[in-house]
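Enquirer: What shape does this take:
(4 chains)
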There are 2 protein chains.
Amino acid sequence: MARNAQRSTPVIKDVAKLAGVSAPTVSRYLNGTANVNEEKRKRIAQAIKLLGYKPSIVARALANKEMDSVMVFATNSGTFSTNMTNIGVERGAQSKNYLFGVTTLSEHHIDDVQQMVQMALGSNPAGVIVYEYDHAGAEALRYIPDGMPLVIVGGNAGEGPYQVINSEREGGREMTKYLLGHGHKTVYHVARAEGPSSNTRTNGWRDALTEAGAPIPEILRVSAADLQEAVEAGRALGRRDDVTAVFAGNDETAIAVINGLREEGRSVPEDVSVVGFDDRQFAPLWKPALTSYRQNFNEMGERAFAMLYEQIQAKRAGEEPPQSRLETVQGRMIVRDSAQ
Amino acid sequence: MARNAQRSTPVIKDVAKLAGVSAPTVSRYLNGTANVNEEKRKRIAQAIKLLGYKPSIVARALANKEMDSVMVFATNSGTFSTNMTNIGVERGAQSKNYLFGVTTLSEHHIDDVQQMVQMALGSNPAGVIVYEYDHAGAEALRYIPDGMPLVIVGGNAGEGPYQVINSEREGGREMTKYLLGHGHKTVYHVARAEGPSSNTRTNGWRDALTEAGAPIPEILRVSAADLQEAVEAGRALGRRDDVTAVFAGNDETAIAVINGLREEGRSVPEDVSVVGFDDRQFAPLWKPALTSYRQNFNEMGERAFAMLYEQIQAKRAGEEPPQSRLETVQGRMIVRDSAQ
DNA sequence: CTGAAAGCGCTTACAG
DNA sequence: CTGAAAGCGCTTACAG
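Expert: Numbering: from 1, shown residues only, chains lettered A, B, ... in the order given. The predicted structure follows:
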């Protein structure tokens, strides 16, 4: 029985035996951690192919105290951007044969963050990426041990040595300036909850107003879950004839605001200009087609992984960590018909 | 130096020493794999708390040949549903302290599926969930070894012993019947690419037409990425005055079709009734508010994890696998104004 | 009920 | 350049 026992999956010892070398030699061949005789290389390569051998990521993780994986810590706010960013990170991970895991933190359960982070770290990921768009993200950062490869996505510029941010604040500024440029005295803002970062569309809106010396109206806060609140905000705005331009926190909010405005008899963009943010798929189809701001979250994710990978490689090679870096993924305004 | 060496993280041996027992006893305490003397239990519990000990998920994975993790295999089609389902699975995983990983397969790179699945399996997940909405998902199934806990999400009923499907076909049927019930002679259908499953909204549409003895018009196929194709489909439909009812493959497609219809001078719902699918956040805000069909993907994910977890537990306990099961997560039609 | 031993599949000093 | 040994942190027979 023993002699016929077919291992379901070959292990390094099998490769070694077939190639007539020791396991450590196979390991060294695999990891390039030492030179291996040319002829043996060939035999090993052959044995690997023959057996269809794949190193056990788990055993490596135990020996190395590090798994070939990335863990992203995201929060449940902003599913669209989170999801798009995840896809970018995963794409990068796949290209390097890294496992991709995500643990979602809840903004409403800040007390659980520490435990969740520690649990996720229990799998010894080679590096982590944390999305710092809100407090849960910021909290997670506290529990990432020093020396662990880390890149922050979002947050304030300069928050971590390795960071990729978007041009959200600049986007808010640009949209607002655009509106101001069309002669509006000021621009109203309907926003969803903001995170701790200062790189927000809302701050961009304020920047533009300040620069132009325009009055800064009070912000109308609405819930992300219940668009009806944004409709109400639109109605409130519609009742005041001094409002002629509105910067909505995102495209869903924009269409809700437009509906509210119309309920009060205002037309868009004739009476009131409205712009959104995110450029969702429906934006060009809306009537009027939404002027919005498009960000490239996929690219943010890909860049974040690339940045992380560099750190991991350097660490493994015992080299100095790469130079700290802040990358900004540029978005752009998409001009359509909802503002004039 | 040695005596002062502070382990960054305590291991089982540390707990054992502090509690005055052996490591296996701690292990048995932790896993409930044998009874442990009451007094020792207390000492162990105390030591664990004192040290803040967390078992290494990696070491356990190596010893058990199984990691406390779920791996989901998803495809890049249908980001909305995939993302929502993932959230449900992850929620379940978190509740059981399981790691959650996802590997996204590409419908356009079927040849890579085997390799990607095998790589992901290299982490020895305790179980896998595959979303079988298209060919890549079906292909992935081929490489999941027998005996590995598995649940299929989507696909045809009965495809696997453990499966959770949605009521998509029934939804298509219901929407179509609804339209037929309003006196339309038949219902046109604008659809995006279909997967290999028969549980599709398109089949539901066909079912309803067949049952009613209504003519079955040719399907207008459009791309998911380029909504402009759906606008064109709407225009094509608008040019024929025999079309009075359209079942669009999803909400984005519905608004695109409505736009196309209007470009040809048809009004909705007066001249033509249009219904969507998915009930996206913007659906109630569209003019006219979209009649649509809402599915609960979060719940599908949660149920899938629960079903998987049962299998895992049974397997670990050496019990018979749970009875095979097919669960359907029911969706429902949301009647609004776009059809009459 | 519980400990000593062996093993999971790798990697990394240590010799040579 | 390469092998024997030891170790990563657990778990599971095997004895008692």
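
Enquirer: any idea which helix is longest in chain A?
Expert: If you go by DSSP state H, chain A has its longest helix at helix A:297-316.

Enquirer: was I right about residue A:274 contacting residue A:340?
Expert: No: judged on CB atoms under 8 Å, residue A:274 makes no contact with residue A:340 at a distance of 10.3 Å. In this view, the C-beta of every residue, glycine as well, is placed from N, C-alpha and C.

Enquirer: Let me see the mean pLDDT of stretch A:146-160.
Expert: Averaging pLDDT along stretch A:146-160 yields 89.

Enquirer: Now residue A:249. Nearest residue, chain neighbours left out?
Expert: Nearest residue to residue A:249, sequence neighbours excluded (CB to CB, 6 or more residues apart in numbering or on different chains): residue A:191, at 4.3 Å.

Enquirer: Residue A:33 too?
Expert: Residue nearest to residue A:33 in three dimensions, not counting chain neighbours: residue A:27, with 7.3 Å by CB to CB, 6+ apart.

Enquirer: What lies in contact with the helix or strand that neighbour falls within?
Expert: Per DSSP states H and E: residue A:27 is located in helix A:23-31. Applying CB atoms under 8 Å, 6 or more residues apart in numbering or on different chains, the contact partners of helix A:23-31 are A:12-13, A:15-16, A:19, A:33-34, A:36, A:40-41, A:44-45, A:55.

Enquirer: Could you identify which of those has the most neighbours?
Expert: Compared across the contacts of helix A:23-31, residue A:15 has the highest neighbour count, 27 neighbours, by other CB atoms under 10 Å in any protein chain shown.

Enquirer: Touching, it and residue A:45? I think so.
Expert: No: between residue A:15 and residue A:45 there is no contact under CB under 8 Å: 9.8 Å.

Enquirer: give me the number of residues near residue A:14?
Expert: Burial of residue A:14 is recorded as 18 neighbouring residues (other CB under 10 Å).

Enquirer: so it, which of the three states?
Expert: helix (DSSP: H, G, I helix; E, B strand; the rest coil).

Enquirer: so what's it closest to, chain neighbours aside?
Expert: residue A:51 (5.8 Å).

Enquirer: hmm, back to that, let's see the pLDDT reported for the residue nearest to residue A:249.
Expert: At residue A:191, pLDDT is 95.

Enquirer: and it, how many neighbours?
Expert: So residue A:191, with other CB under 10 Å, has 22 neighbours.

Enquirer: same thing with the one 3 residues further on?
Expert: Using other CB under 10 Å as the criterion, residue A:194 is surrounded by 16 other residues.

Enquirer: Next, see if the one helix or strand in chain A whose mean pLDDT sits lowest gets close to chain B.
Expert: Within chain A, confidence by mean pLDDT, DSSP states H and E is lowest for helix A:113-121 among all helices and strands, at a mean of 87. Yes: using CB under 8 Å from any CB of the partner chain, helix A:113-121 comes into contact with chain B via A:116, A:118-120.

Enquirer: tell me the domain ranges of chain A?
Expert: A:12-55, A:66-166+A:298-331, A:168-294 (automatic domain parsing).

Enquirer: which one of these lies closest to residue B:232?
Expert: Counting by CB to CB, residue B:232 lies closest to domain A:168-294 out of those; the figure is 12.8 Å.

Enquirer: residue boundaries of the helices in chain A?
Expert: Using DSSP H, helices in chain A cover A:12-19, A:23-31, A:38-51, A:57-64, A:79-95, A:113-121, A:135-141, A:168-181, A:201-212, A:227-238, A:251-263, A:297-316.

Enquirer: quick check: angle from the fifth one to helix A:168-181?
Expert: In terms of direction (axes from the mean of the first three to the mean of the last three CA atoms, to 10 degrees), helix A:79-95 departs from helix A:168-181 by 140 degrees.

Enquirer: Return the distance of helix A:79-95 from the chain's centre.
Expert: Using CA atoms, centre = their mean, to the nearest Å, the distance from the centre of helix A:79-95 to the centre of the chain it belongs to is 7 Å.

Enquirer: near chain B at all, that helix?
Expert: Yes: using CB under 8 Å from any CB, helix A:79-95 comes into contact with chain B via A:79, A:83, A:87, A:90, A:94.

Enquirer: quick one: which of the residues of helix A:113-121 next to chain B is most hemmed in?
Expert: Ranking these using other CB under 10 Å puts residue A:120 first, with 23 neighbours.

Enquirer: what's the closest non-adjacent residue to it?
Expert: Leaving out its chain neighbours, residue A:120 is closest to residue A:103 (CB to CB, 6+ apart), at 4.4 Å.

Enquirer: gap between the one you found and residue B:102?
Expert: 12 Å (CB to CB, to the nearest Å).

Enquirer: What is the neighbour count of residue A:326?
Expert: Counted with other CB under 10 Å, residue A:326 comes out at 15.

Enquirer: How about it: what's its closest non-neighbour residue?
Expert: Going by CB to CB, 6+ apart, residue A:326 has residue A:163 as its nearest residue, at 5.0 Å.

Enquirer: still on that earlier bit, weakest of the domains of chain A in terms of mean pLDDT?
Expert: Taking the mean pLDDT of the domains of chain A, domain A:66-166+A:298-331 comes last: a mean of 90.

Enquirer: End to end on it, go ahead and measure it.
Expert: With CA to CA, to the nearest Å as the measure, domain A:66-166+A:298-331 spans 35 Å from end to end.

Enquirer: gap between that domain and the chain center?
Expert: 8 Å.

Enquirer: ok, now stretch A:190-204?
Expert: With CA atoms, centre = their mean, you get 16 Å for stretch A:190-204.

Enquirer: and what of stretch A:155-173?
Expert: That offset, for stretch A:155-173, works out to 12 Å (CA atoms, centre = their mean).

Enquirer: Next, the buried residues of that stretch.
Expert: A:155-156, A:159-173 (16 or more other CB atoms under 10 Å in any protein chain shown).

Enquirer: out of those, who's near DNA strand C?
Expert: Applying CB under 7 Å from any atom of the strand to the buried residues of stretch A:155-173, one finds that nothing falls near DNA strand C.

Enquirer: Name the residues of the stretch 151-300 of chain A found near chain B, please.
Expert: A:227, A:231, A:252, A:255-256, A:259, A:281-282, A:284-287.

Enquirer: want to try JSON lines for those, with neighbour count as columns?
Expert: Shown next, in JSON lines, are those (neighbours: other CB atoms under 10 Å in any protein chain shown):
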{"residue": "A:227", "neighbour count": "20"}
{"residue": "A:231", "neighbour count": "23"}
{"residue": "A:252", "neighbour count": "24"}
{"residue": "A:255", "neighbour count": "30"}
{"residue": "A:256", "neighbour count": "27"}
{"residue": "A:259", "neighbour count": "22"}
{"residue": "A:281", "neighbour count": "18"}
{"residue": "A:282", "neighbour count": "23"}
{"residue": "A:284", "neighbour count": "18"}
{"residue": "A:285", "neighbour count": "23"}
{"residue": "A:286", "neighbour count": "24"}
{"residue": "A:287", "neighbour count": "16"}
